[in-house]
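Engineer: Pasting the sequence and the predicted model now:
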Amino acid sequence: MPFLTKQKLNLAQKLSTQIHGFLEPGEGELLFNLAQNCPPQTVIVEIGSWQGKSTVFLGLGSQTGKQNKVYAIDPHTGSPEHQKEFISISTLQNFKRNIQKANLKDLVTPLVKTSAQAAPSFRKKIGLLFIDGDHSYSMAKKDFKLWFPKLVNEGIIIFHDSTTHPGVKKMVNQSFFFSSQIKNIAFQNSLLYGQKVSQNTFFDRLKNFYLFLIHSICFILTTSSFRPPLSVIKIGKKIIRLLQF
Ligand SMILES: C[S@@+](CC[C@H](N)C(=O)[O-])C[C@H]1O[C@@H](n2cnc3c(N)ncnc32)[C@H](O)[C@@H]1O
């Protein structure tokens, strides 16, 4: 890994430890790498920023790549599950502070709106689309329907919490795994991603189906009440990686 990239990734990892958020170890690095490889003359869109943990990985990844602008869409009032947990939520101040700390003010534009409010007037070409907003089935499906058409061919779509939230899993089962416009599906922990194409091949669809099966097994294991020891989870994760040839 080039020195500058390593330095920026270390910075992202260090800053992320001080930001409240929902990314597992390894997921941030994946976001960083995907942002670094975002196609030129496109932008990165994040739906659901919370306090900016994922945004920092996307922004610093982009800085080491082609400096694609990052649009971070969030009304900053939390998702239904957060609204149940906290009495009142406003994450905008913390988000802005964390972006400033990462020196990303020029690259990251917050759009303080829901994804449905932001979509109609958003006309930029998207090279990387990260969906981590409301995880209910209907809202996740809406996000996909509104934003996937704006993603360029060869661009990457990523979903968070795909192995942990039934709403997200149902949506990706219906709209993502069996799409004729997706290839190169892979996942790490709960981050699931794939590449948009104008039309995938029979072989792509076969491979997507294979990934659907592995992903479904992971979803069942993750959401079941059975908790294996940490060492078994670690070995399981290695096997999952090997199975994704
Ligand atoms: C799970 S958190 C995002 C976590 C964040 N990506 C991180 O790494 O820490 C979900 C976020 O989605 C936002 N949200 C909920 N509904 C939304 C919607 N319709 N459009 C955009 N964002 C939404 C919430 O305000 C919340 O901040």
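Structural biologist: Everything's here; your move.
Engineer: tell me the contacts of the residue nearest to Ile182 when sequence neighbours are not counted?
Structural biologist: Excluding the flanking residues, the one nearest Ile182 by CB to CB, 6 or more residues apart in numbering is Gly194, at 4.3 Å. C-beta coordinates here come from the backbone N, C-alpha and C atoms, glycine included. Gly194 is in contact with Ile156, Ile157, Phe176, Ile182, Lys183, Asn184, Ile185, Ala186, Asn208, counting by CB atoms under 8 Å, 6 or more residues apart in numbering.
Engineer: just Phe144 next, same as before
Structural biologist: Ile131, Met171, Ser175, Phe176.
Engineer: now do Ser198
Structural biologist: So Ser198 contacts Asn153, Gln181 (CB under 8 Å, 6+ apart).
Engineer: who touches Glu46 in this structure?
Structural biologist: Glu46 makes contact with Ser54, Thr55, Leu58, Val70, Tyr71, Ala72, Ile73, Asp74, Phe130, Asp132 under the criterion CB under 8 Å, 6+ apart.
Engineer: before we move on, which element is it in?
Structural biologist: Assigned by DSSP states H and E, Glu46 falls within strand 43-47.
Engineer: and that strand, is it in reach of the ligand?
Structural biologist: Yes: judged by CB under 6 Å from any ligand atom, strand 43-47 and the ligand are in contact via Ile47.
Engineer: With just CA atoms, put that strand into CSV.
Structural biologist: C-alpha atoms of strand 43-47 as CSV (Å, rounded to 0.1, in the frame of the first residue of the first chain):
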residue,chain,number,x,y,z
VAL,A,43,-19.5,11.9,-6.9
ILE,A,44,-19.9,9.8,-3.8
VAL,A,45,-23.4,9.7,-2.2
GLU,A,46,-24.0,8.5,1.4
ILE,A,47,-27.5,8.1,2.6
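Engineer: Just give me how far it sits from the chain centre.
Structural biologist: 9 Å (CA atoms, centre = their mean, to the nearest Å).
Engineer: those strands in the chain, which residues are they?
Structural biologist: All strands of the chain, identified by DSSP state E, fall at 43-47, 70-73, 108-111, 126-131, 151-159, 182-188, 191-196.
Engineer: would you turn the ones you listed into CSV with mean pLDDT and distance to Ser62?
Structural biologist: Shown next, in CSV, are the strands of the chain (pLDDT from 0 to 100; distance: least, CB to CB, whole Å):
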stretch, mean pLDDT, distance to Ser62
strand 43-47, 98, 6
strand 70-73, 98, 6
strand 108-111, 98, 9
strand 126-131, 98, 8
strand 151-159, 98, 13
strand 182-188, 97, 19
strand 191-196, 98, 16
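Engineer: quick one: which of these is nearest Ser224?
Structural biologist: Ser224 lies closest to strand 182-188 among the strands of the chain, at 18.0 Å (CB to CB).
Engineer: would you list the contacts of Phe144 in TSV and tack on distance to the ligand?
Structural biologist: TSV is the format used below for the contacts of Phe144 (distance: CB to the nearest ligand atom, whole Å):
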residue	distance to the ligand
Ile131	9
Met171	14
Ser175	17
Phe176	18
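Engineer: what does the protein have sitting close to the ligand?
Structural biologist: So far as CB under 6 Å from any ligand atom goes, the chain lies against the ligand at 21-23, 47-50, 53-54, 73-79, 91, 114-115, 132-134, 139.
Engineer: Please check those residues and keep the buried ones.
Structural biologist: 21, 23, 47-50, 53-54, 73-76, 78-79, 91, 114-115, 132-134, 139 (16 or more other CB atoms under 10 Å).
Engineer: For the nearest residue to Thr109 once chain neighbours are set aside, give the beta-bridge partners.
Structural biologist: Leaving aside its chain neighbours, Thr109 sits nearest to Tyr71 (5.3 Å; criterion: CB to CB, 6+ apart). Beta-bridge pairing for Tyr71 (DSSP bridges): Val45, Thr109.
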